[in-house]
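Chemist: 3D model of this:
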Amino acid sequence: MPPTSPRPSPRPPSVDLHGCRPDEALARLSRALHRARLQGSASIEVITGRGLGNARGAPVLRGQVEAWLSGVEGGLHGVRSHARQPHGGSLLVRLGLRRGADGQELPAEPERGAGLEDLGPADLGLDGWDPSSEAP
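Modeler: I've put the predicted structure just below:
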């Protein structure tokens, strides 16, 4: 019997932001990170392109995406770290575990749709939340 070679690790999910305006790219990235965490993915590849095709010939989107990932929004989406890939056109983003409002690890859930509209209060950690208790 021939020796078995180790199976290559599966590619992480990815989101392609090529051609997006920064606001579109960040909205798409937010949705992709949310889906990846619901699926229990440990990482996601974010394809920004190298940014050499714009009028200035300098990357714009990649820097804005990196700043977003490093900031508050990235933290809220479970981003633990990100690194540029050797070819320069994408980032590998490492995600933390999904946690509930109490800080406890939540099980991975199957993807239920393409966006936040399909999520219920439990998915967002809002079990027991009463909107009438919020101050105006």
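
Chemist: residue 82 sits in which helix or strand?
Modeler: strand 79-84 (DSSP states H and E).

Chemist: show me what counts as buried in that strand.
Modeler: Neighbour counts using 16 or more other Cβ atoms under 10 Å place 79, 82 of strand 79-84 among the buried residues. Using the backbone N, CA and C atoms, a C-beta is placed for each residue, glycine as well.

Chemist: for the record, mean pLDDT for it?
Modeler: Model confidence over strand 79-84, given as mean pLDDT, is 90.

Chemist: likewise stretch 23-31?
Modeler: For stretch 23-31, the mean confidence score works out to 95.

Chemist: buried ones in the helix ranked longest in the chain?
Modeler: Within the chain, and with DSSP state H defining each element, the longest helix by residue count is helix 22-38. With burial defined by 16+ other Cβ under 10 Å, the residues of helix 22-38 counted as buried are 25, 26, 29, 30, 32, 33, 34, 35, 36, 37, 38.

Chemist: after that helix, which helix or strand is next?
Modeler: Per DSSP H and E, helix 22-38 leads on to strand 43-47 as the next helix or strand towards the C-terminus.

Chemist: so what does that following strand touch, helix or strand wise?
Modeler: In terms of contacts (3 or more Cβ pairs under 8 Å, 6 or more residues apart in numbering; DSSP states H and E), strand 43-47 is packed against strand 14-16, helix 22-38, strand 90-95.

Chemist: each with direction, which strands does the last one pair with?
Modeler: Here strand 90-95 is paired, per DSSP bridges, with strand 43-47 (antiparallel), strand 79-84 (antiparallel).

Chemist: what sits up against the strand or helix carrying residue 62?
Modeler: Under the criterion DSSP H and E, the helix or strand holding residue 62 is helix 61-70. When contacts are defined by Cβ atoms under 8 Å, 6 or more residues apart in numbering, helix 61-70 is touched by residues 17, 20, 22, 25-26, 29, 46, 48-51, 74, 79, 82, 84, 91, 93.

Chemist: list the buried ones in it?
Modeler: 61, 62, 64, 65, 66, 68, 69.

Chemist: now it: average pLDDT?
Modeler: Confidence over helix 61-70 (mean pLDDT, whole number) is 92.

Chemist: lovely, talk soon.
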